[in-house]
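Asks: just to be clear, the model below is a prediction. Sequence and coordinates:
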Amino acid sequence: MNQFITLLATAVACVALVQGASTARHPARPWWNAPPSSERIVGGFEIDILEVPYQISLQSYGHFCGGSIIGANWVLTAGHCASDYDVGLHVRVGSSLHGSGGQLVSVKRVIQHPQYNPNTIDYDFALLELEQPVQLSEEFFAVELPEQDQEVEDGQLLQVSGWGYTQNPSESNEALRATNVPAVSQEECRESYGTNQITDR
């Protein structure tokens, strides 16, 4: 469940807004191998890192969370991924596999949101400062964040990627996977999960 929450938190943090893709410097790329929307997606589908070059694998003795490059020295991840760690973290960048390839970069510092609440998961964000900058280019670029206070409309299609559980034993979570999900309101989340712990944040 934590990996699923991490995937969603990362998606919210680095959402590629499909309706605004035409004005972005690096427009959201449509998933070339996405199944038709009428099919039930179990674990999503495999993609190449070039489709989401800002995607990183957060590691401590192996992969355990995802995140997004927001600058040459900075990564945005979920707060609960970094809450128990301050040293020994690494990020793997530039690879479709979380266990090999690309570049492994040490994390210099973890900055957690000061209002992060592990009980309600409010303000579930953390910044990771890297020991050395990653090389950014037209091919490998940082995620383009939404404007401050920019709203995501209910039902708006979002692109989600990561190495989380696939819920299918025949599908490997070693390779980068993705899916498309609609944005939902807090009210709908509360109804679906049957809890009032989902706040307005």
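Replies: It's in. Please read these numbers as outputs of a predicted model, since none were measured by experiment. Residues are numbered from 1 along each chain as shown.
Asks: from here on, contacts and neighbour counts on C-alpha atoms
Replies: Will do.
Asks: A helix includes E188, no?
Replies: Yes: using DSSP: H, G, I helix; E, B strand; the rest coil, the secondary structure at E188 is a helix.
Asks: pLDDT wise, what is it at?
Replies: For E188, the model assigns a pLDDT of 90.
Asks: number of nearby residues for it?
Replies: Using other C-alpha atoms under 10 Å, E188 has 12 neighbouring residues.
Asks: from D200, how far off is it?
Replies: 12 Å (C-alpha to C-alpha, to the nearest Å).
Asks: likewise for L157?
Replies: From L157 to D200 the distance is 21 Å (C-alpha to C-alpha).
Asks: more crowded one of those two?
Replies: Higher neighbour count among L157 and D200: L157, with 18 against 8, using other C-alpha under 10 Å.
Asks: any weak-confidence spans in this protein?
Replies: Applying pLDDT under 70 to the chain flags residues 1-43, 84, 86-87, 165-172.
Asks: all strands of it, in order?
Replies: Taking DSSP state E as the test, the strands found in the chain are 45-46, 55-59, 63-71, 74-77, 90-93, 103-112, 126-130, 157-162, 177-182.
Asks: tell me the buried residues in the longest one?
Replies: Neighbour-count burial for strand 103-112, with 16 or more other C-alpha atoms under 10 Å as criterion, is recorded at 104-110, 112.
Asks: would you format the residues you listed as CSV with distance to Q148 included?
Replies: Listed next are the buried residues of strand 103-112 as CSV, based on distance: C-alpha to C-alpha, whole Å:
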residue, distance to Q148
L104, 31
V105, 29
S106, 29
V107, 26
K108, 27
R109, 24
V110, 22
Q112, 19
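Asks: for the residues you listed, which one is nearest Y85?
Replies: V110 (7.8 Å; C-alpha to C-alpha).
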